[in-house]
Structure formats: C-alpha cells, structure tokens
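**Student:** sequence plus the predicted model coming up.
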Amino acid sequence: MTIHNDRARPGDQNLGVLFNEGKVRRRREWRGVKDTLYDYGRWLYILSILARFIVKPRNIKAMFRYRWMANYLAVPHMVDKFTMGLRDEPLRIVHTAMDFVVYDVAQTMENIFRGDRRTGNDEKFSAKCVLTDENAMTAFMMGFPTLKAILREVPTMFVANLLNQYSTTHYLDVAQQAGIPGDVCPMPEAEAGISIEDDFAVLGACAVQVNTTCDGSLMGNGIIAKRLEREYGIPTFQLVAPMRHREADVQDYAAQDIKNAIAFIEEHTGAKWDWDAYFECAKRVNDITRNRLAWLEMNSTNYPQFVGAPFSLYNDTNYMGNCGRSPKFPPIDRKIMKYAQHGYEAKRMMAPEYRHRAIIWGVQPQYVIDMLNWMIHCWGIVPLTDMLSMVNTREIAEVDTPENREQAYYDMAWLNENMIMRNRTHGGYKVLVDELWQFCEQMNADMVIMWEHMSCKALDGMHGQFEEQAREKGIHLVWVCHDLCDPRVYTRQAIRDQLNTYMRTVMREEPLDPTIEVLPDEKAW
Amino acid sequence: MPKFVKIPLLAIATLAGLFVVTFTVYFLNLDMKLLSKIEPFFLKHYDKMPRKNYV
Amino acid sequence: MRDLKHLQYFEDLLQVANNPLIGQAQADGKICVTYPCENVPEPLLNLPGAFSVRLFAPNTGSTDIATYYMTNLLCETSRALLERAIEGGFNFADCVISPDGCTMMNRCVENMELLKTMGKDKPHFFWQYMEIPLKDDDNNLSLYKLQCKNHILDPLHEAYGLDISDAAIRQAVEEHNEVCRLIRQIGDFRKGEKPRITGYEFHVLDLATYVCPKYLIVDRLRETLEELKTREPDGKPWRARVVLVGSEADDSGLIKLIEEVGAFVCADRFCMGSLPGRDPIELNDSEDALTQVCRAYMHRCQCPRMMNMAKVYGRKQYVADIAKEYGADGVIYEQVKFCDPWAYERTLGSVMLRDDYGYPVLSVDRPYNISSSVGQMRTRVQAFVESIEIKKLQRGQKG
C-alpha cells in the first residue's frame, strides 16, 4: 500500500544536482529557508567540535602520526550524506543523533590521544584506561566509574569507513601482504592490518578482547594481542560470548567469564568494582531499551520517524559503545523521542511517497550505509529497522539487592551475548532466519533488503534458506552484495544497481527521483 | 554617530558579514572542497613514514 | 619398501563415506553417531552400543547445490559435506552431534538439518548442537562437561537407551585408547632417518580410525604394527622432512602429493591427524571419567578457535615441539580454502615458527579435494623443498 505525502518538500526536489564526479559534493542542499538555516547551524556546531579537537597539540601530532586520522577531514561530508533529502523532524532527529555520535567519537579520540604513548603520553591517565574491542559490548565496564573504556578500533576502523570509503584499503593490503587471505571479513582483517603496521594508538593498563562478532574477530584478536603483550607490555584478557547464546545451559559459563574479566581489570588497574555505579548504568541501559522499542513501535506504523543508518549508528554507539555508562546519552534520547513524537503526530514523511516497507537484514556496508537514506528518496522504500538494531529487548536488574548483584553478572553476560549483529549471526538459524519473518510480520514489511556481505560466512551460509523461505512467504527479498569496508570489490554504484535492477525488473517501478538512480561517487569520500 | 548606536551597528555588521561568509562556505561546500585538496598531502606524508611491521 | 598388507584394504574403505564397515556395525546392533568436528570428545560417541563416524566427503566433485545454499565463499569442507548429505551419502547416520565451533561447520550442519538430508525413516534420529570451550580454564571445563551431558550423553540415552554411566565412559575410553596407542606406535616409525612408513600410508591408517567403527579395524591395525617392526625401510633418503599443520586434511592425496615431490610428512598436526587427535586419555580413579575426558580434550586442543593467549602461543610451541621430536626440517601450514580460523592461524603460525623457532615455513591454502589443484600445490611444495635443501647446503658449508 503506497502512502502519499500530502506536503511538498521545500527546496531541492531532484537531489542529483548535488553530485558531480568529485570527491565532495557540488554544493550543499537547499532545504527551504527554515531547514537550511537549521542545517547550517548544525554545521557550525560540528565545525566547533572539530575546532576544539584540532587546537590541542597532541591531536595535531596524532594527525601527522596516524594515517586513519586523515579521514576525519570528511566529518561534515559524512553528516551531509545522512541528512540528504530530509526536512522537519526527520532532519532534526538525524542531526541530534549523528551530531552526538560525532561528539562522542571526538571524545573517544581525545581520550585515546591523551593516553597514547606517542602523542599525549599522559601515563597517569593511561593507567586508568582499559582497551576494549570495537565489536564488543562494554557491559563489564559499567561498574568502573573511575576507569575509561577505550574503544580504540572505533575511530580507527569503523568510523573512518563511514567517512571515507577508501579508509581501510591500505590496511587490508598490509594484512594481505602479511599473509591473511582476502576472503576473510575485511573488518577484523583491517584491524589486524592496522596493528601489523603499528597504526593503533598505544595506551592502557590492560585490554579486554571478546570473541564477538565472529571467527574473524576472534582470530584477528590474537594478532593484535600478541603485539600488545609482547611489544607494549599491555596484558590482555579474552572474554567469551558463547555461540549458543539463547540456550540456558551456557549462561552460567558466560556469567562466570564476566566475573573473570572484572577480576582481571581490577588486578591490572587497581580499581574496585562499584555496585552503585553499576546499577546507575543499568537504569540507563533499560532506558535505552525502552526508547529503542518505542522507536521500533513507531516504525511499525505508516509514519516511521527514526530510521535508516542514523538509527542503526546511534544504537551502535548508545547500546554497545556506551552501554549505559555515560549520563550524556539520556538527554539526547529524550530529544530524539520528542522530535519523533512530533513528527509522528504530524505524519511527517521523508519522501513524496512510501511504496515499500523494508526490513534491512544482514551486515551493513560501512562505506555505503547512507544507501538506506538514498533508498527512501530514490525508490520510496522506507527502512523500518535493520538487523543490527534488533538487539536486547529485556530489561536488566537495576535495583541494588544481594540477589540482583548475582543476577547482574548474568545480565552483563546477556548483554555481551546480544552484541549488535552477533546476536543474529550466531546462535543458530532461528535467530537469523526465523525471527526475520516474525519481524516482517510485526512491522508490516513487504520487503527485505538483504545485505549479503560476501565475506560474512555466518550470513552467507544461510543464503539458500533465506531465498527459499522468502519465496514461500511471498516476501520480496532483494539481495544486495557488498564487501563491508572494501569498495574495490563492489563499488557503491554496483551496490545500488542491485536494488535498481530489482526495482525495475521485478517490481516494474520507476524511481521517485531518477536523478539519483546513478550517482557518480566512485571517487568520493 | 553616538557610540551606543555605533557599536551595536558594528557588531551587527560584523555578524552579518560573518554569516554571509560562513553561509557561502557552507552552501557552496567550500570547506569540504578545501579539505579534499589537503588530503593527498597527508597521504604522501604517511607513505613516507618509516614503519615497523610486526605480526 | 614392501607394501603393507592391509593398506589396500584401508584405502578402499576411504573411497566412500558410507564404507561397508558402517553397515556391518549397524547390523551388529550398534548406533552410528556422526560428528563433523574434532572438538566433540570421541570416546563419548563410542559408548557401548555405539560407534562414531567423523563426516568426510571423499572424491568430492561438484558442490553446486551446496554452493547455492551456502555460497561459494564458505569453506570447501563445509560445502563438500553438505553436498554429500544432500546426495544421500550420509544416510547411514543415526544422529548428528555438532559443536558450534566454527561458523561454517555450524551452517553446514544447520543446512543439513533444514534440508532434512538425514534421519528419514529413523524415528529416533536427532540433531544436537553443543557449545564448546573457547579457552582452557576451569570455567570452560565446567561448560564442556555440562554440554557433553546435555548434548551427547542424555540424548544418546534418551533416544537409544545407551548406558552413559561412568563405567560405560571408562570402557569407551579404554577402547579408544587402544586404537590411539596403536596409531601412535605406528606413527613413531616416522621418526628417524629411515622411516618405515610413509606419511601417506600413515594418514590412510589414521583416517580410517576416524571414519570406520574402531572395533572392526583394530585387529588389522595390530597386524600392521607388527608388520612395521620388521619392515625394511627404503634406502633412498627423503629430500626434506616436514610437519604438516592445518585444517581438515581428510584427503590422503594431499600427503601423497607432498611426498611425491620428495618431502616426507613426518608429523601430522592437522584436524583428523594423530597429533594430538590420537593421544591416549589416561584416566585415574579419583575423578569421574567425563571430567577427565573433557579436561584432556580441552588441554590438548589445538584448534585455532581456542583464544586465550596461552593457547595462541601454545599452538606454535606445540608445532615446534613435534617438529623437534620428529626431526622436521620445515613446516607446512595448510588451510582449506575460505577457512577463516586457519587463515589467521597460518599467518601467525608461519611468522612465529620462522622468527621464534627458526623453521622454514610454507604457507598455503588448498581446495578440499586436492586433485583439482595438483599442479599449483606441487609447484609450491617443490620450491619449498628446494629452499630447504639450499639452507641445508649453506649450513653444511658454514660447518
């Protein structure tokens, strides 16, 4: 059922005017006076974050030391990608979420370079830092308010690829020259490459690695840990997230390893676990869960508000990276919720019409994650949710009692097991395949955009099952292949063309905005 | 012109000028166009750095 | 050297997954317990009334159907097994017990289940997936025991009425140990300058112990051991001695190819090999057998998914130790194409064996069925052997 937008979008109608074959856009979008001025104001805010960051000498030093820092020249460009075509509340929601993600990443980098032996070298600060994987829930840090969890791989690898599609290619080459084959997932491969080339910041009293997301992450950790331990003297702990995470008979095991991880951190930092701090974080975690469920409920209606890559990235940052530890997130959540509620009541839409409602399943490619926004404007396909946002739905114990203190280990283990993406790619076919169809029904989706990350063996291994079951259920399953953070294998246009071809040949539709059906962004950031 | 008129007028003019300049930079995407020209210099610098590759 | 009396017999058994001994054992009233991975403790699958068969897919040709289900980027072993299952090649199984070890093997078995490839007309047939240790510590031992109980022992008892008592486990361990001791003693003939058994011959015997009911081949293994004690070794020396390390090598053709080039495979540290897969498990009377079996498997496990750093470093130390014990000149790290765990393990392993232990290393990936890539592998091994010879010459010149 097509939903028509009874309000005309002010400003640029055909978004193709923004693009030429350059690295950056021809100009920024004209959104009508009100929204253009709003966007301009947010641009100034982003620049202020960057300016505050770059004036510090240690950060300038980092800029010249670490190759991946060059990608941060593109921060405003990234924000423009996610706000393309948006007006009113959806524009404000995306800015609220993504501008805060930018702020949070800047803070992370501040901390990294403050403690980094090669730049800030603040040893006292470094002794209070615990390195954690980017693909890991930081629940085990919830009771350490005096310590800093340093997700050093996030700005180095993940965010860098949101900014610049070519950010990881050098590191992939380094890893492959060292002997790692090219068919493995490029995310841990790039991380291994960064470690091999000594392009990670070096800081911290210790490091906690987790076997999430997958075999690749698990194995890449070994290469990274070897360098940390043998060259830099930073001890590492490998925390287990069981594979069969829905089974009752692994929960004791998982909880015990959380206890072991906490003991490891206490031993190496001298900090003591703080139950008051933990339960305060637990309350925030529950708040995050409730908000996310509310947004999902809204997205199940005809007027979804908080959708696409910003929804996913904000969840990544809040649910996983933050995991209740920062008090700065709840006000952002509330602001987003306010905009979402206004937008929903006003029946705001992001495109002239919504023709299809899609669940985005599979692993998202970082270098073209803005494709979800593009889909709305080009084809009227609204992304209701994505696999990475379908995480924990259960509230954890948040009141400090002796029973809850014991339960807390199970809760932290549960969060660890329900790390984004991991909670679906592992744990059996039920969580990956069967539950997809349940979400389609719950959210009234008629389409699944299946991101087929070609190096994701967990997902690829169910290719045939997805195909056959979608056919049985009459759901349009659109295969969109990519290689996560390596655009040399599938370019952005090659990725978009998979959807274009399906929409033209199978759905027999014409694009809402034909000027963006083919975008000349192969050379772009 | 009295000072209590001149100073605010000057401030408004300055702000207006700043707005025009920054808005021009913003709308014509001049910030990103400039930074995209700077990126290759950084990449050349990184390529020249000695590296200690270690598996 | 004179042909081993039973070699042809064992070679013939390995031509098909459903070898005749399986049918014979089932006719004896035994339950066939199949499994795809070394991390399932084998003795528990060989309780009185049962026998284990590790799934493999000899003489695999096309894997087109499996590739449709799993795409061509999953490891060839997993696709070969699925293809064989779809073809009906594993219909002999009475149950499948699979660890959720590596992702690809897990997806392979899940597809087997969803496509209903096995268990037809077998009302007691079951599929079980178990969690297995990722580290070597007390917590992981507790997990292993619980998983073995919940996903091996209890289902076998409930479905097939098997005795899963401590005594039954001890009996199974003793029978398992007998085979292990025979294989290890046979394997010892690979040591020394003039080995009395080739790596290929040994691999055939060893592989048979994984894919055939052990009680039906143990007599021939004993005879083979006796035969080897008096076998005259070849006078011709090998050009090099190598340890073969890596992922599943259930294709003896791989070993044959390496040895045809002049590199004697003196030790087999790969999945389905004898090191440590055929280490006997010595039980004491002070602790229950299940705990001891689980601990033995956990301690000795060389699977790259074991992720605590002691294990990461330990695996390389283990290779170095066996290289020394078996007098190896070099190490070959191999992986089946698209195997993620071994992709990383052979990278780290090659570097460490070379830099920390001073061994020349060849690092290769290969297809599941080596016959599709003979030329490439031969060239790589040949070059490696020549480099070892040159190093030996140079060492000789330096005195």
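**Tutor:** Okay, I see it. Because the structure is a prediction, the values reported are computed rather than measured.

**Student:** so does whichever strand or helix holds C:Lys311 get close to chain A?
**Tutor:** With secondary structure defined by DSSP states H and E, C:Lys311 is part of helix C:309-325. Yes. Contact between helix C:309-325 and chain A is present through C:Met309, C:Val312, C:Tyr313 (criterion: CB under 8 Å from any CB of the partner chain). Heads up, the C-betas are built off the backbone N, CA and C, glycines and all.

**Student:** residues contacting the first one?
**Tutor:** Remark: with contacts taken as CB atoms under 8 Å, 6 or more residues apart in numbering or on different chains, C:Met309 is in contact with A:Gly222, A:Ala225, A:Lys226, A:Glu229, A:Thr236, A:Gln238.

**Student:** that one and A:Gln407: what is the separation?
**Tutor:** In this structure, C:Met309 and A:Gln407 are 31 Å apart, going by CB to CB, to the nearest Å.

**Student:** which positions in the helix holding C:Lys311 come out as buried?
**Tutor:** C:Met309, C:Lys311, C:Val312, C:Tyr313, C:Gly314, C:Arg315, C:Lys316, C:Tyr318, C:Val319, C:Ala320, C:Ile322, C:Ala323 (16 or more other CB atoms under 10 Å in any protein chain shown).

**Student:** tell me the mean pLDDT over that helix?
**Tutor:** What helix C:309-325 shows for mean pLDDT is 98.

**Student:** does chain B have contacts with the next helix or strand after that helix?
**Tutor:** Downstream of helix C:309-325, the next assigned helix or strand under DSSP H and E is strand C:330-336. No. Using CB under 8 Å from any CB as the criterion, no contacts between strand C:330-336 and chain B are found, and the smallest distance is 13.0 Å.

**Student:** give me the angle between strand C:330-336 and helix C:309-325.
**Tutor:** Relative orientation of strand C:330-336 with respect to helix C:309-325: 130 degrees, computed using axes from the mean of the first three to the mean of the last three CA atoms, to 10 degrees.

**Student:** assign A:Leu384 to helix, strand or coil.
**Tutor:** The three-state label given to A:Leu384 by DSSP: H, G, I helix; E, B strand; the rest coil is strand.

**Student:** what sits against it?
**Tutor:** When contacts are counted by CB under 8 Å, 6+ apart, A:Leu384 touches A:Leu296, A:Asn299, A:Ser300, A:Pro304, A:Val307, A:Arg357, A:Ala358, A:Ile359, A:Met443, A:Ala445.

**Student:** neighbours around the third one, how many?
**Tutor:** To tie it back to what came earlier, the one meant is A:Ser300. Neighbourhood size, A:Ser300 [other CB atoms under 10 Å in any protein chain shown]: 16.

**Student:** count the residues that sit near the spatially closest residue to it that is not a sequence neighbour.
**Tutor:** Here the nearest residue to A:Ser300 in space, its sequence neighbours aside, is A:Met443; by CB to CB, 6 or more residues apart in numbering or on different chains that works out to 4.5 Å. The local packing count at A:Met443 equals 18, with neighbours defined by other CB under 10 Å.

**Student:** quick check, pLDDT for A:Met443.
**Tutor:** Among the per-residue scores, A:Met443 holds a pLDDT of 96.

**Student:** could you measure from C:His157 over to C:Thr71?
**Tutor:** Using CB to CB, one obtains 38 Å as the distance from C:His157 to C:Thr71.

**Student:** do A:Lys338 as well
**Tutor:** The spacing between A:Lys338 and C:Thr71, counted by CB to CB, is 44 Å.

**Student:** more neighbours: which of the two?
**Tutor:** Per other CB under 10 Å, whichever of A:Lys338 and C:Thr71 has more neighbours is C:Thr71, with 22 against 14.

**Student:** name the nearest residue to that one, sequence neighbours excluded.
**Tutor:** With sequence-adjacent residues excluded and distances taken as CB to CB, 6+ apart, C:Thr71 is closest to A:Asp460, at 4.1 Å.

**Student:** tally of neighbours for that neighbour?
**Tutor:** Other residues near A:Asp460 come to 25 when the count uses other CB under 10 Å.

**Student:** what do you get for A:Glu189?
**Tutor:** When neighbours are counted by other CB under 10 Å, A:Glu189 registers 31.

**Student:** who touches it in this structure?
**Tutor:** When contacts are taken as CB under 8 Å, 6+ apart, A:Glu189 is in contact with A:Tyr171, A:Leu172, A:Ala175, A:Gln176, A:Ile180, A:Gly216, A:Gly220.

**Student:** for A:Ile516, same thing?
**Tutor:** In this structure, A:Ile516 makes contact with A:Asn14, A:Leu15, A:Gly16, A:Phe19, A:Trp374, A:His377, A:Cys378, judged by CB under 8 Å, 6+ apart.

**Student:** around chain C, which positions in the stretch 251-400 of chain A sit nearby?
**Tutor:** With the criterion set to CB under 8 Å from any CB, the stretch 251-400 of chain A comes near chain C through A:Asp252, A:Tyr253, A:Gln256, A:Asp257, A:Asn260.

**Student:** for the last one, what are its contacts?
**Tutor:** Just to be clear, that refers to A:Asn260. If you count contacts by CB under 8 Å, 6+ apart, A:Asn260 has them with A:Phe237, A:Leu239, C:Asp137, C:Asn139.

**Student:** brilliant, that's me finished.
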